[in-house]
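Chemist: my questions are about this predicted structure, shown below with the sequence.
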Amino acid sequence: ETGTGKTSIIQHLAQLRSQTLIVQNMSQQSESIDFLGGYKPISTRQICMPLHSEFVAMFSKTFSKSQNADFLVKLGRLLEKEEYNEALKVMEKVCENATQRYEKAQNEKQGEQNKKQKRAEGSGEMIAKWQELLKSLTNVKRQLKHAESHMLFAFVEGLLVKAVREGHWILLDEINLASAETLEVLSVLLEGGSLLLSDRGDIRPIDRHENFRIFGCMNPPTDVGKKDLLPAIKDRFTVHYVEELTNKKELNEVVLSYLGKSSTWSDGVASFYLQARELANVLFDGSNQKPRYNLRTLCRALLFAADVAQRLSPEEALIEGLSMSFITPLHASCSARLETVLRERIPCDTK
């Protein structure tokens, strides 16, 4: 159910594993473009700067950065001054020179054996990378020619693509709210495959990093507007049901984690929370709906109490926090009843 700490568990697990966690909130309006990306209008700078970064990385593998420091600084200044066409011409010229250098080295090593042959193969790989970068630069130059009269578009990759390539974890929160068509893209990944960005014209799938993982969080279909996840998707996950926290000993641990181990009010707070959950069936809020008290409600109250603890006594801080989260939303005819329970569990001289 909502507010049981599902998302927090995954965030904490990622922190323990020193993993980057990307959270994607799903809804009925979610589309596959949110996962994979698509063509979007962008500025000239947005399309040129990634190419510059790629160029510098390739440059350092072929030429001496220290001996060409002035050249790299001048190239950077061209981009800062937004002289993009000139910068692209310079990078194109370097791509051609680098390709010629490797082709010359490859020709010199054609007659050599074993170890030197491997070096020749390495030269071939670098030639392909420089040629690919040159092709990208040429395409951008062609786009810039029409930038004044037409809007500039480029394919912007989605968060899922980044996670697959770089080995991040991705959490699809409220995954069951998305449509079946939107989740169809996950089928290949859940079966151990990888992504192919056919909309971008790719013919090779993206290399899947070994650390890549998919997590999904959802509420059970126990209320209006909630639905179950399609079996074709759900059966490919390892499913864990997170029970609502009602164990008093565990609730005490939660309270102490916010208030400090020296707090003497953990038992009183836990008792109030459990009693408030029982009374929720006979209480109603300002919109005549039954209130729903869960772990999220309790944690928000404790977080507030911890923040004001320096200005108020521990008892006053707890009453302020718990009143804000549990009592304030209630209808006037119900708030007095729950406030009586709160005063019984946490006695305080303040009115």
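Modeler: Sure thing, it's come through.
Chemist: list the contacts for residue 181?
Modeler: With contacts taken as C-beta atoms under 8 Å, 6 or more residues apart in numbering, residue 181 has the following neighbours: residue 32. Backbone N, C-alpha and C define where each C-beta goes, glycine included.
Chemist: does residue 226 count as helix, strand or coil?
Modeler: At residue 226 the chain is in coil, as set by DSSP: H, G, I helix; E, B strand; the rest coil.
Chemist: could you pull up the contacting residues of it?
Modeler: Applying C-beta under 8 Å, 6+ apart, one finds that residue 226 lies in contact with 176, 219-220.
Chemist: ok, and the most crowded of the residues you listed?
Modeler: Of all those, the most densely surrounded is residue 176 (20 neighbours; neighbours counted as other C-beta atoms under 10 Å).
Chemist: spatially nearest residue to it, not counting backbone neighbours?
Modeler: In this structure, residue 176 finds its nearest non-sequential neighbour in residue 218, 4.1 Å apart by C-beta to C-beta, 6 or more residues apart in numbering.
Chemist: hmm, the one you found is touching residue 178, no?
Modeler: No - with contact defined as C-beta atoms under 8 Å, residue 218 does not count as touching residue 178 (9.9 Å).
Chemist: quick one: least confident helix or strand in the chain?
Modeler: Using mean pLDDT, DSSP states H and E, the weakest-scoring helix or strand in the chain turns out to be helix 114-145, at a mean of 74.
Chemist: mind listing what's buried along it?
Modeler: Buried residues in helix 114-145, counting neighbours by 16 or more other C-beta atoms under 10 Å, are found at 120, 123, 126-127, 129-130, 133-134, 136-137, 140, 144.
Chemist: same question for stretch 226-240.
Modeler: Using 16+ other C-beta under 10 Å, the residues of stretch 226-240 that count as buried are 229, 233-234.
Chemist: looking at the residues you listed, which is nearest residue 41?
Modeler: residue 233 (32.3 Å; C-beta to C-beta).
Chemist: so what's that closest one up against?
Modeler: Shown here is residue 233, whose contacts under the criterion C-beta under 8 Å, 6+ apart are 183, 186-187, 190.
Chemist: quickly find the element holding it.
Modeler: Mapping residue 233 onto the secondary structure by DSSP states H and E places it in helix 231-234.
Chemist: and what of residue 243?
Modeler: With DSSP H and E as the test, residue 243 turns up in no helix or strand.
Chemist: what's the answer for the one 10 residues further on, then?
Modeler: In this structure, residue 253 is located in helix 248-259 according to DSSP H and E.
Chemist: also residue 23?
Modeler: Under the criterion of DSSP H and E, residue 23 resides in strand 21-25.
Chemist: what's the pLDDT at the nearest residue to residue 258 once chain neighbours are set aside?
Modeler: Once its chain neighbours are removed from consideration, residue 258 has its nearest residue in residue 302; the separation is 3.8 Å (C-beta to C-beta, 6+ apart). According to the model's per-residue confidence, residue 302 sits at a pLDDT of 93.
Chemist: hmm, residue 302 is touching residue 321, no?
Modeler: Yes - the pair residue 302 and residue 321 qualifies as a contact (C-beta under 8 Å) at a distance of 6.4 Å.
Chemist: burial of the residue lying closest to residue 124 once chain neighbours are set aside, as a residue count?
Modeler: Spatially, and ignoring its direct neighbours in sequence, residue 124 is nearest to residue 106 (6.2 Å; C-beta to C-beta, 6+ apart). Here the neighbour count serves as a burial measure; for residue 106 (other C-beta under 10 Å) it reads 17.
Chemist: for residue 211, see how far away residue 106 is.
Modeler: 35 Å (C-beta to C-beta, to the nearest Å).
Chemist: and for residue 33?
Modeler: When distance is defined by C-beta to C-beta, residue 33 is 25 Å away from residue 211.
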